[in-house]
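**Q** One predicted model, sequence on top.
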Amino acid sequence: MEFFIILAVLLVLFLAVDKGLRKGFKVEKKRLSDSPGKKADAWSRGIILVAALAFIPFVVTETGDRLIWFWIVYLTGLHLVQAFLQWKYIRESREHLVTLSMLPVGLAALLFIRFYFF
């Protein structure tokens, strides 16, 4: 039960940080799927997903120690590619600044869950 409470708190924290970053950077939410980068976004997500699925058998162990690092690498790669595509295709919206700023928050949350619960 404690795990779900902490997940709910982290979700509220993510939403608050996202809203604060958007106010601070003066960024309106804009999606890549509404831009010329729609295909590049879909392809990049697909390639990263296939690569991640290919590595799952190597990271899933009985202890699960490598699984957290798999998620960290996966989410970092996904966010960096997403930020690059946002910078390239919707640069004027400055959405990439929010994406790059949310990356350390997400990584800190993953590490907190890893070291607090496991």
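**A** Thanks, I have the structure now. Numbers count the residues shown, from 1 in each chain.
**Q** quick one: contacts for Thr99?
**A** For Thr99, the set of contacting residues under the criterion of C-beta atoms under 8 Å, 6 or more residues apart in numbering consists of 79, 82-83, 86. All C-beta atoms are positioned from the backbone trio N, CA, C, and that covers glycine.
**Q** any low-confidence regions in this structure?
**A** Applying pLDDT under 70 to the chain flags no residue at all.
**Q** returning to that earlier point: looking at the contacts of Thr99, which are in helices?
**A** Those of these mapping onto helices are 79, 82-83, 86, per DSSP state H.
**Q** Nearest to Tyr116 among the contacts of Thr99?
**A** The shortest gap between Tyr116 and any of the contacts of Thr99 belongs to His79, at 22.4 Å (C-beta to C-beta).
**Q** could you dump the contacts of Thr99 to JSON lines with distance to Gly37 and neighbour count?
**A** Written out in JSON lines, the entries for the contacts of Thr99 read as follows (distance: C-beta to C-beta, whole Å; neighbours: other C-beta atoms under 10 Å):
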{"residue": "His79", "distance to Gly37": "16", "neighbour count": "18"}
{"residue": "Gln82", "distance to Gly37": "10", "neighbour count": "20"}
{"residue": "Ala83", "distance to Gly37": "12", "neighbour count": "19"}
{"residue": "Gln86", "distance to Gly37": "8", "neighbour count": "24"}
